[in-house]
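# Any chance you can model this:
(2 chains)
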Amino acid sequence: MATSESDKCWRECMDVAVEVACRAGKVVQEAVKHEKSVSTKSTPTDLVTEADQQVEELIISTLRDKFPSHRFIGEESSAAGEKCILTDNPSWIIDPIDGTCNFVHSFPMVAVSIGFAVKKELEFGVIYHCFDGTLYTARKGHGAFCNGVRIQVSKEKDVSKALILTEIGAKRDPATLNIFSGNIMKLLSAPTHGVRIIGSSTLALCLIATGAAEAYYQYGLHCWDIAAAAVIIREAGGIVIDTSGGPLDLMSRRVVAAGTHEMANYIVQQLQPISYERDDSDPDVQK
Amino acid sequence: MTDLWQNAMDHAVALARKAGSLVRDAVQNDMKEKFPTHSFIGEESVAAGEPCVLTDNPTWIVDPVDGTTNFVHGYPFVAVSIGFAVDRKLEFGVVYSCIEDKMYTARKGKGAFCNGQILNVSDQKEISQSIIATEFGSNRDIEVVDKIFSSMRKILCLPIHGIRGVGTAATNMCLVASGCVEAYYEIGIHCWDIAAGAIIVTEAGGVLMDVDGGPLDLMSRRVVAANNKIIAERIVKEIDAFTPLRDDASTETED
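You can find the predicted model right below:
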């Protein structure tokens, strides 16, 4: 149970997170207008740009300055070889540009995502939509908000009325794509109202939190894609769990999120899994 | 609690219909008054039994609410689509993406714009660096669904950067015109979904074709809109085509 002192401290942390997310978001907004220098990471579709690295550095340096004892888990630092282990220490879990592929194409779904955990419990989340300036925030026990207005998930239980969101993930081998499309086909044919792919897992998860869609599932996303959005969805009344139906495993590279248990459980039952290496696996161990 | 949300859903559906009728009435009544000799093709008029045949007459081709599923869910992509053709050629198109407040317009020979800013398609020629937009559609027949997914899998394997779909054909076409995606393709849409978007794409420098590589046939229920011929033709090779009932098919059996 958080003491009133740590409660005040996490609130201060969250205020700083909001300020730096908005500032970073505006840097991204400006960068999207210019030529981008693009490289690839794990696969030819797993893109990274200089902006990713610069924005992450901006966020981490600001936070480290204010909170020197905290730990940082960021997409780009992790790519640079830093271990992605969640400890009891206050930890920031950061995706500087979620939707890098969208960013490269100027497709208007790009976000800055800042999550925060203490004793391995997610405490708050801040997500800033770089194209339209929408700010999603939530602190554990204090509700979820979009531009300061309280948001709530859809309470739909009937699968036939569901709009479902997902993303492809970085793996593009034929076997993976067969499972990926098989999962969508099954859900579409349930039948449901439809399935949408927007290219940013954090913004898709925010659309679950606002009730614009009923459920989200994905294989291949990272802890920095889930950390902030999980708090926002839960505080909006929704649930966030593992694709097996068990509790969320932040490092597992997979998630199901929905407005209701009925919706989440239905999705869990339909899914065929796609495996990805865990975020907390040792980068020095050769597979 | 379930009843409460069912009521909300029913209300949303009624609202969507009302919005659709309001726009249809606003467009048709307003336009019919201003241009009494013009023809109208729209989702609502076709549903009311009016013919869907494009003649040489100046013709308004209207979808008052493109993205009805999105509208009902509060999913933020809903568009009003108004196309205009004379001698069966598109003269101008207007797509208003209402929730984003983006007004896309194009007049033949005068370019394409979004909120006053000129639009240009992407200059990407490599399919492996492309994002392709498409939708899964509303047809749940197993044969149709199989073909839709077979096309999508083949295109994903080219490989490409990714697949996207905002849930409205008109907006997907505007994303091609804006350069945000390299191409959009779909089978099952209607002429009123694509008429306005078609001229917005071409005025932004893009190309249109049928899924078999031939010229776009507005009534065929099939479309490919792309930034250039290279990308369009590359996608067309992978599309598992099928032939829905045409928009201008006779509703009566003829001997």
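
# Please settle this for me: is A:H34 part of a helix?
No - counting by DSSP: H, G, I helix; E, B strand; the rest coil, A:H34 is not found in a helix; it is coil.

# hang on, isn't B:N120 packed against B:I200?
No - counting by CB atoms under 8 Å, B:N120 does not reach B:I200; the two are 11.7 Å apart. C-beta coordinates here come from the backbone N, C-alpha and C atoms, glycine included.

# Let me know the secondary structure of A:K157.
Put simply, A:K157 is coil when judged by three-state DSSP.

# I figured it was touching A:E262, is that so?
Yes - contact status for A:K157 versus A:E262: in contact at 4.0 Å, counting by CB under 8 Å.

# how about the residues of the stretch 151-287 of chain A near chain B?
Residues of the stretch 151-287 of chain A lying close to chain B (CB under 8 Å from any CB of the partner chain) are A:154-157, A:161, A:163, A:168, A:172, A:174, A:177-178, A:181, A:184-185, A:188-189, A:191, A:193-199, A:207, A:210-214.

# Give me the PyMOL select line for those, limited to the buried ones.
Buried members of those, defined by 16 or more other CB atoms under 10 Å in any protein chain shown, are picked up in PyMOL with:
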select buried, chain A and resi 154+155+156+157+161+163+168+172+177+181+184+185+188+193+194+195+196+197+198+199+207+210+211+212+213+214
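
# Which ones among the residues of the stretch 151-287 of chain A next to chain B lie within strands?
Using DSSP state E, A:163, A:194-196 are the members of these that sit in strands.

# Now render the residues you listed as a markdown table, adding distance to B:G49 and pLDDT.
Output for those, formatted as a markdown table (distance: CB to CB, whole Å; pLDDT from 0 to 100):
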| residue | distance to B:G49 | pLDDT |
| --- | --- | --- |
| A:L163 | 31 | 97 |
| A:G194 | 28 | 95 |
| A:V195 | 33 | 97 |
| A:R196 | 33 | 97 |
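
# Of the residues you listed, which pair is most distant in space?
Farthest-apart pair in these is A:L163 and A:V195; separation 7.9 Å (CB to CB).

# who in the stretch 1-150 of chain B is up against chain A?
B:1-2, B:5, B:9, B:69-70, B:72-76, B:100, B:122, B:128, B:131, B:135-136, B:138, B:140, B:142, B:145, B:149.

# which of the residues you listed are buried?
For the residues of the stretch 1-150 of chain B next to chain A, a neighbour count by 16+ other CB under 10 Å gives the buried set as B:5, B:9, B:69-70, B:72-76, B:100, B:122, B:131, B:135-136, B:145, B:149.

# Which per-residue confidence value corresponds to residue 247?
This is for chain A. A:P247 carries a pLDDT value of 98.

# meant chain B actually
For B:D247, the pLDDT comes out at 93.

# Show me the helices in the chain, by range?
Defaulting to chain A. According to DSSP state H, chain A carries its helices in the segments A:4-31, A:50-66, A:75-79, A:100-105, A:174-188, A:201-209, A:223-235, A:261-270.

# My question was about chain B, not that one.
Using DSSP H, helices in chain B cover B:2-34, B:43-47, B:68-73, B:142-156, B:169-178, B:191-203, B:229-236.

# list the buried ones in the shortest one?
Read that as helix B:43-47. In helix B:43-47, counting by 16+ other CB under 10 Å, buried: B:43-46.

# And it, how far out from the chain middle?
16 Å (CA atoms, centre = their mean, to the nearest Å).

# Quickly list the domain ranges of chain A.
Chain A is divided into the following domains under the TED database: A:5-150, A:159-270.

# least reliable of the ones you listed going by mean pLDDT?
Note on those: lowest mean pLDDT is at domain A:5-150, with a mean of 91.

# Just the endpoints, please. Distance across that one?
From its first residue to its last, domain A:5-150 covers 25 Å (CA to CA, to the nearest Å).

# Work out the gap between it and the centre of the chain.
Distance of domain A:5-150 from its chain centroid, counting by CA atoms, centre = their mean, is 9 Å.
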